[in-house]
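In: Take this sequence and fold it.
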Amino acid sequence: MIQIPNEMIRASAGTGKTYQLTNRFIKLLLCGLPVERIIALTFTRKAAGEFFEGILTKLAKAASKPTEARKLAEEISLPDTKQAAFREALRRLVDTMGQLSLGTIDGFFNRIIAMFSLEFGLGGEFEMMSEFEQQQARLRVLEMLLEENAARREDRESLIETYRLSTAGKDERRFVGSFEEHLENCHELWLRVPDPSRWGDPDRLWPKGNLWPAQVVDRAAMVAEWRELIAGESFGNNLQQGFCKIADHLATWMPGKELLAKSKTLMSRALENL
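Out: Numbers count the residues shown, from 1 in each chain. Next up is the predicted model:
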């Protein structure tokens with residue numbers, strides 16, 4: 001059997017990777033490598049289907065026409081390959097199609113896990129979930145987290161509190177989608193920083209104690225005081241009206257609403273200049 005060296009193909013979409021890969025697959029077949037020893041993986045089922053179709057089409061053409069056989073032989077750098085060799089490779093591929101490892105990357109690893117499920121700590125039968133099934137599973141877990149009897153009260157309240165704090169000052173109307181996005185962000189952060197000492201340790205976050213919950217803020221009095229300060233400044237009419245709109249909004253603001261809904265540009269620039 002002829003040894004074929006490893007080769008890396010780096011190219012962007014539409015530049016001929018499929019052309020090169022199908023030729024390499026055929027070359028491996030012609031060099032005597034068994035079909036079951038060749039693994040060809042792609043990201044999507046559509047791409048895998050196109051890849052398999054390309055291999056069969058090229059072999060079928062080379063097996064039926066001498067001109068196509070000579071052309072393909074040149075492309076795979078085996079110029080002495082005869083038409084009969086392509087015909088034999090096509091027959092071998094068709095006969096052993098059930099042993100062909102040509103598909104998606106996730107499908108291949110699913111097969112590996114299924115073969116060694118006990119070694120991976122898995123029991124019973126399992127299968128790959130579709131995107132719709134994954135979405136439904138996430139919703140079921142979310143419902144369990146929020147059910148009164150399905151999770152510990154302190155865990156549920158802690159989770160809801162993190163969401164409330166993360167969305168403070170935002171006008172969010174789609175709770176389910178927003179809450180799910182919050183969970184995904186938390187999970188991604190946990191994967192990057194799994195050290196439990198960095199998650200919610202009050203003594204580490206606030207060595208002198210967290211003063212936020214202890215603060216008593218009379219927002220109405222603060223807004224009224226700010227109105228007096230605004231009135232005492234010699235702003236132009238436009239700026240004066242802009243700050244008054246902000247004061248009106250802050251007087252009725254509640255957590256969960258957009259904090260800078262009125263005169264956003266003016267307020268952002270004012271905060272930056274602080």
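
In: Please make it C-alpha for all contacts and neighbour counts, starting now.
Out: OK.

In: Just give the closest residue to residue 231, not the sequence neighbours.
Out: Closest residue to residue 231 apart from its sequence neighbours, by Cα to Cα, 6 or more residues apart in numbering: residue 240 at 7.9 Å.

In: Can you list the low-confidence ranges for the stretch 101-250 of the chain?
Out: Across the stretch 101-250 of the chain, the ranges flagged by pLDDT under 70 are 124, 148, 150, 168-173, 210-217.

In: At which residues are the helices of it located?
Out: For the stretch 101-250 of the chain, applying DSSP state H, counting those that start in this stretch gives helices covering 105-115, 131-146, 153-166, 175-192, 202-205, 219-231, 237-252.

In: CSV please, covering the ones you listed and showing mean neighbour count and distance to residue 270.
Out: Formatted as CSV, the helices of the stretch 101-250 of the chain follow (neighbours: other Cα atoms under 10 Å; distance: least, Cα to Cα, whole Å):
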stretch, mean neighbour count, distance to residue 270
helix 105-115, 15, 51
helix 131-146, 13, 40
helix 153-166, 14, 23
helix 175-192, 13, 29
helix 202-205, 12, 29
helix 219-231, 13, 13
helix 237-252, 15, 10
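
In: would you turn the ones you listed into TSV with distance to residue 21?
Out: Shown next, in TSV, are the helices of the stretch 101-250 of the chain (distance: least, Cα to Cα, whole Å):
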stretch	distance to residue 21
helix 105-115	16
helix 131-146	28
helix 153-166	47
helix 175-192	34
helix 202-205	53
helix 219-231	67
helix 237-252	62
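
In: what's the closest of these to residue 56?
Out: helix 105-115 (21.0 Å; Cα to Cα).

In: Burial check on residue 103, number of neighbours?
Out: Other residues near residue 103 number 21, with proximity taken as other Cα atoms under 10 Å.

In: pretty sure it is touching residue 45, no?
Out: Yes: using Cα atoms under 8 Å, residue 103 is in contact with residue 45, at 6.4 Å.

In: Tell me which residues touch residue 62, please.
Out: Residue 62 is in contact with 68, 69, 70, 72, 83, 86, 87, counting by Cα atoms under 8 Å, 6 or more residues apart in numbering.

In: Closest to residue 263 out of those?
Out: residue 72 (68.0 Å).

In: which element is the closest one on?
Out: In this structure, residue 72 sits in helix 66-75 according to DSSP states H and E.

In: After that helix, heading C-terminal, what element do we hit next?
Out: Assigned by DSSP H and E, the successor of helix 66-75 is helix 83-95.

In: buried residues in that following helix?
Out: Counting neighbours by 16 or more other Cα atoms under 10 Å, one finds that the buried residues in helix 83-95 are 83, 85, 86, 87, 89, 90, 93.

In: Please tell me how far the spatially closest residue to residue 4 that is not a sequence neighbour sits from residue 86.
Out: Leaving aside its chain neighbours, residue 4 sits nearest to residue 28 (7.6 Å; criterion: Cα to Cα, 6+ apart). Residue 28 sits 12 Å away from residue 86, going by Cα to Cα, to the nearest Å.

In: Tell me who's in contact with residue 120.
Out: With contact taken as Cα under 8 Å, 6+ apart, residue 120 is in contact with residue 113.

In: swap that for residue 96, sorry
Out: 35, 36.

In: Can you check the pLDDT for it?
Out: You'll see residue 96 listed with a pLDDT of 86.

In: what's the distance between the residue lying closest to residue 65 once chain neighbours are set aside and residue 68?
Out: Using Cα to Cα, 6+ apart and skipping residues adjacent in sequence, the residue nearest residue 65 is residue 83, 7.7 Å away. Residue 83 sits 9 Å away from residue 68, going by Cα to Cα.

In: got it, and residue 267?
Out: Distance from residue 267 to residue 68, by Cα to Cα: 71 Å.

In: coming back round to it: next, format the buried residues of helix 83-95 as TSV and append pLDDT and distance to residue 131.
Out: Listed next are the buried residues of helix 83-95 as TSV, based on pLDDT from 0 to 100; distance: Cα to Cα, whole Å:
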residue	pLDDT	distance to residue 131
83	90	45
85	90	43
86	90	40
87	91	41
89	89	37
90	89	36
93	87	32
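
In: Compile the residues you listed into a markdown table and extend it with columns for distance to residue 201.
Out: Shown next, in a markdown table, are the buried residues of helix 83-95 (distance: Cα to Cα, whole Å):
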| residue | distance to residue 201 |
| --- | --- |
| 83 | 72 |
| 85 | 69 |
| 86 | 67 |
| 87 | 69 |
| 89 | 64 |
| 90 | 64 |
| 93 | 60 |
